[in-house]
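Enquirer: Make a model of this:
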Amino acid sequence: MKGFPALKDVTVNKCDEYYKREAQAPKGSLPANTREGSPYPPTLTPYSLVSSVNPPKAVVSLDPPWYRLLEKDNVSLKCLPEGYSTQWWHNGSLISSQSSSYFIKSARVNDSGEYQCQTSSTLRSDPVQLEVHIGWVLLQAVRQVFLKGETIELRCHAWKSKPLHKVSYFQDGRSKKFTHDNAIFHIPKATGQHNGSYFCRGLIGNRNESSGSLNIYIQDLEGPSITPGDLHWHQVTLCLMTGLLFAVDTGLYFLMQRNLRSLMEDWKINKLKWSQSFQLQTTPHAIG
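Expert: A predicted model of the protein is given here:
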């Protein structure tokens, strides 16, 4: 087509111009296509691709997936996606481990808390809560808050994984499932009716043992998110309100008791005065 140079000539001329610029550039300077004001598009390298996009946030996964453990249990924490120079934090303090997996053998209560990880190619993960309990039986869950429609799985777990049989699961004190072989309590689609306090009970040999309670919360898809921190403050607020009501109730009790005592004393005094007055009116001297 007349009036337009051939594509080959344009490409050759641009390449010649680029190399001439490179030859005239000061030694040790950046390539022309990375210098500010360059008419050439930048060359995409793996480093520039990573640095030009926000790195992903790491995720901590548990294996097995239960965040509630009994003492002596084992659990492996994995940092995903796996990378180099992995760092781990426990309750905000850096852990010496630099492996992509952090293994806790024979867990103890002081292993409880929040865990986070980060690799060279990720941001630090959100905290994952781990709870280590003391007892014979524990009700386990993958987390405490579920979205509507999600699957809920609850497991009745015995200390040192001792066999459990004739296991019952309860919600708000009502029996929901009975199993001879300790099968997992499976709720396929969570709804608001599944909010509540759960516990399990079963036989370890001939011993009938019960777990402590676990509150499960079902969150609406369109509602505000619920975090473990929110649950903590809800529990603190509930405790404070309970203590306040107890204090008010106790104060009212003692106030009523004091007023009642005062009324009783007044009644006794008035009764004595009335009795004395009546006796004076009925004596022979008073009649005469």
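
Enquirer: Would you agree residue 197 is in contact with residue 215?
Expert: Yes - using CB atoms under 8 Å, residue 197 is in contact with residue 215, at 5.4 Å. Placement of C-beta: from N, CA and C, glycine included.

Enquirer: Skip the chain neighbours and tell me the closest residue to residue 74.
Expert: Spatial nearest neighbour of residue 74, chain neighbours left out: residue 105 (5.3 Å); criterion: CB to CB, 6 or more residues apart in numbering.

Enquirer: Would you mind measuring from the one you found to residue 222?
Expert: 43 Å (CB to CB, to the nearest Å).

Enquirer: what about the two, which has more around it?
Expert: More crowded of residue 105 and residue 222, by other CB atoms under 10 Å: residue 105, with 10 against 6.

Enquirer: Which neighbouring elements make contact with the helix or strand harbouring residue 130?
Expert: Using DSSP states H and E, residue 130 sits within strand 128-133. The helices and strands touching strand 128-133, judged by 3 or more CB pairs under 8 Å, 6 or more residues apart in numbering; DSSP states H and E, are strand 59-63, strand 68-70, strand 75-80, strand 113-118.

Enquirer: and residue 149, which of those is closest to it?
Expert: Checking these against residue 149 by CB to CB gives strand 59-63 as the closest, at 21.5 Å.

Enquirer: thought residue 176 was touching residue 185?
Expert: Yes - using CB under 8 Å, residue 176 is in contact with residue 185, at 7.0 Å.

Enquirer: Identify the contacts common to those two.
Expert: residue 169 (CB atoms under 8 Å, 6 or more residues apart in numbering).

Enquirer: So between the two, which is more surrounded?
Expert: Between residue 176 and residue 185, counting by other CB under 10 Å, residue 185 is the more crowded of the two (21 against 16).

Enquirer: any idea how far residue 56 is from that one?
Expert: According to CB to CB, residue 185 and residue 56 sit 34 Å apart.

Enquirer: Same question for residue 189.
Expert: To residue 56, residue 189 is 30 Å away according to CB to CB.

Enquirer: Which one of the two is surrounded by more residues?
Expert: Neighbour comparison, residue 189 and residue 56: the larger count goes to residue 56, with 13 against 10 (by other CB under 10 Å).

Enquirer: deepest of the helices and strands packed on strand 128-133, which one?
Expert: Most buried of the helices and strands packed on strand 128-133, by mean neighbour count (mean count of other CB atoms under 10 Å): strand 68-70, with a mean of 23.

Enquirer: So which elements touch that strand?
Expert: Counting contacts by 3+ CB pairs under 8 Å, 6+ apart, strand 68-70 packs against strand 128-133, strand 137-141.

Enquirer: so can I have TSV of these showing mean neighbour count?
Expert: Below are those laid out as TSV (neighbours: other CB atoms under 10 Å):
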stretch	mean neighbour count
strand 128-133	19
strand 137-141	23
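
Enquirer: now the ones you listed as TSV including mean pLDDT and distance to residue 73?
Expert: Output for the helices and strands packed on strand 68-70, formatted as TSV (pLDDT from 0 to 100; distance: least, CB to CB, whole Å):
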stretch	mean pLDDT	distance to residue 73
strand 128-133	98	8
strand 137-141	98	9
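
Enquirer: Is it possible to get CSV of those that adds distance to residue 122?
Expert: Conversion of these to CSV gives the following (distance: least, CB to CB, whole Å):
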stretch, distance to residue 122
strand 128-133, 15
strand 137-141, 27
